[in-house]
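In: Give me the fold of what follows.
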Amino acid sequence: MKIGILPLGRPTFDVEYAVEKLSGMLADIDALAAARGHEVIGPRALLMAASPDALEAVASADLLLILQVTFTDASFVVEAAGLGKPIAIWAVPEPRLGGRLRLNAFCGLNLASHALGLNGVSFGWLYANPGDGDVAGLLAGDHQVSPKNGAPSTAAPVEMPVPDLKIARIGARPDGFATCDYDKAALKALTGAEVDELELPQMFDAARALQEEAVAPYREKAAALPNLDAMDAGELDRSLRLAGALAQMQRDGGYDAFAIRCWPETFTEYGGAVCGPVSMMGEARVPCACEADVYGAVTQAMLQKLADAPVFLADLVDMDAQDNTGVVWHCGQAPVSMTNDTPQATVHTNRKQALLYEFTLRPGIVTFFRLSQALGIPKIIIARGEMLVRDMAFTGTAGVVRFDHPAEKVLADVMDSGLEHHMALAYGDHMDALRGVAAGMGLNVVELGAA
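Out: Residues are numbered from 1 along each chain as shown. Sure, this is the predicted structure:
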């Protein structure tokens, strides 16, 4: 067999560590190829951007092996799928050491699985460190996705909990983030939600124009952070102005929730993070979805109403079958009531700008929910688990969760369902209520990890 490899990475992550991981992956592939008589073709260095030359180099392969070494969006994976070859994706975990998320490769695998599912492309996948994974089985087709669309809910129907939502989408979703796609007419037909499509400069201009009295309440909130003085004063001011601007836009527009293109322009053009303001807005029961994820904003609003509590739109960034846990994380925007710790001020791990919150999620029962478009079919995806007392896994806002079902099965269902990379999290058990909502909306339910 001729194996075409495409090693994917991005320079905003820990490139030195990524190169180390890639070296181990290549050693495993080369050893297997030598033992089985396979030929390995394609680039052996990290591809930091889409590369027509790399696709040409693997065009004669019998199988494409995507090496998901760091997070990337899914655009190049979808482009590679256009070659019409069988596809396998190998993503690598990283240790939970309390520092930055150095690779975030699982999230890249998550985006790729969703995008390939939408395009009807089957693929095999592996999430394992070099030396630990069944690479031979992956190449032999033993780890293929099995599309999972769930089943109708048998619960008593419950009406849509927030039937008249008004959402402000500020900026377009990032390239390659099919997880954040939406169609206004389809969303309205499904949920009744209306979407106003605003541009990022409107938020930036509103923030710059704020009078000090409009920013003062957010300065007061931030003052509770014991290490606030360690933040750059200019970045901090610009960040807190975004909180005031969002609050003003919410009042003026009558918005229930926001979906915000949070990077890169908030850093590269404006000069301050929106993550801390998103935490503040979430605590005030005005959910804000990152990466202009409109369905994510609707998901948050639905769960917030059912739980009568703040919600957190989180990434699943690690699954450990041996420990039987996963890690949910985002850069620093969970509502502060979700911790028993003293939140700390911090900067974005990749962009190094303030203001973000840093804390571990408090222990307790939690419910996960996504109003999903996975595999091109609207559905409700749910899970329940217990947030554990564990040390900080990664900087930002993060928690270690033990799901009701084994982590290995939850992970398989994430891949098989094509789940989007954002799920809303609220404390408490809201599974029955969400099953009722699914019945009322006529949607199938996927419970992650269930038989």
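In: which ones are touching residue 217?
Out: Residue 217 sits next to residue 244 when contact means C-beta atoms under 8 Å, 6 or more residues apart in numbering. Heads up, the C-betas are built off the backbone N, CA and C, glycines and all.
In: Output the strand or helix carrying it in CSV with nothing but the alpha carbons.
Out: Take DSSP states H and E as the rule and residue 217 turns out to sit in helix 212-222. Extracted in CSV, the C-alpha atoms of helix 212-222 (Å, rounded to 0.1, in the frame of the first residue of the first chain):
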residue,chain,number,x,y,z
GLU,A,212,-16.3,55.9,31.5
GLU,A,213,-19.5,55.4,33.4
ALA,A,214,-20.5,52.6,31.0
VAL,A,215,-17.2,50.8,31.6
ALA,A,216,-17.1,51.3,35.4
PRO,A,217,-19.3,48.4,36.3
TYR,A,218,-17.0,46.0,34.5
ARG,A,219,-13.9,47.5,36.0
GLU,A,220,-15.5,46.9,39.4
LYS,A,221,-16.2,43.2,38.5
ALA,A,222,-12.7,42.7,37.3
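In: ranges for the strands of the stretch 51-200 of the chain?
Out: Assigned by DSSP state E, counting those that start in this stretch, the strands in the stretch 51-200 of the chain fall at 63-68, 87-91, 124-127, 151-152, 166-170, 194-198.
In: how about these, which one is nearest residue 299?
Out: strand 166-170 (11.1 Å; C-beta to C-beta).
In: what does the closest one rub up against?
Out: Outside strand 166-170, the residues that touch it by C-beta under 8 Å, 6+ apart are 193-200, 202-203, 249-250, 253-261, 292, 294, 297-298.
In: Stretch 56-64 now?
Out: For stretch 56-64, using C-beta under 8 Å, 6+ apart, the contacting residues are 1-6, 41-43, 80-81, 83, 85-88, 139.
In: Likewise for stretch 389-400?
Out: Stretch 389-400 has contacts (C-beta under 8 Å, 6+ apart) with 96, 98-101, 279, 312, 317-318, 325-334, 338-339, 346, 349, 356-363, 387-388.
In: buried subset of those residues?
Out: Buried members of these, scored by 16 or more other C-beta atoms under 10 Å, are 96, 100-101, 279, 312, 317-318, 325-334, 338-339, 346, 349, 356-361, 363, 387.
In: Restricted to strands, list those.
Out: Cross-referencing the buried ones among the contacts of stretch 389-400 against strands under DSSP state E gives 312, 317-318, 325-330, 346, 356-360, 387.
In: Between those residues, which sits nearest residue 28?
Out: Out of these, the member with the shortest distance to residue 28 (by C-beta to C-beta) is residue 318, at 20.4 Å.
In: Quickly list what that closest one is bridged to.
Out: With DSSP bridges as the criterion, residue 318 is bridged to residue 327.
In: buried subset of the contacts of strand 166-170?
Out: Taking 16+ other C-beta under 10 Å as the criterion, what is buried in the contacts of strand 166-170 is 193, 195, 198, 200, 203, 249-250, 255-261, 292, 294, 297-298.
In: Which of the residues you listed fall within helices?
Out: Residues of the buried ones among the contacts of strand 166-170 located in helices (DSSP state H): 200, 203, 249-250, 294, 297-298.
In: And those residues, which is closest to residue 410?
Out: Comparing those against residue 410 with C-beta to C-beta places residue 298 closest, at 23.3 Å.
In: can you tell me how far the residue located most distally from the centre of the chain sits from residue 185?
Out: Going by C-alpha atoms, centre = their mean, the residue of the chain most distant from its centre is residue 37, 38.5 Å out. Note on residue 37: its distance to residue 185, by C-beta to C-beta, to the nearest Å, is 54 Å.
In: thinking again about what came up before, just so I know, which of the strands of the stretch 51-200 of the chain lies nearest residue 239?
Out: Going by C-beta to C-beta, the one of these nearest residue 239 is strand 166-170, 15.4 Å.
In: re earlier: and the ones in helices among the buried ones among the contacts of strand 166-170 as JSON lines, adding distance to residue 48 and pLDDT?
Out: Converted to JSON lines, those look like this (distance: C-beta to C-beta, whole Å; pLDDT from 0 to 100):
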{"residue": "200", "distance to residue 48": "25", "pLDDT": "97"}
{"residue": "203", "distance to residue 48": "29", "pLDDT": "98"}
{"residue": "249", "distance to residue 48": "36", "pLDDT": "98"}
{"residue": "250", "distance to residue 48": "38", "pLDDT": "98"}
{"residue": "294", "distance to residue 48": "29", "pLDDT": "98"}
{"residue": "297", "distance to residue 48": "31", "pLDDT": "98"}
{"residue": "298", "distance to residue 48": "34", "pLDDT": "98"}
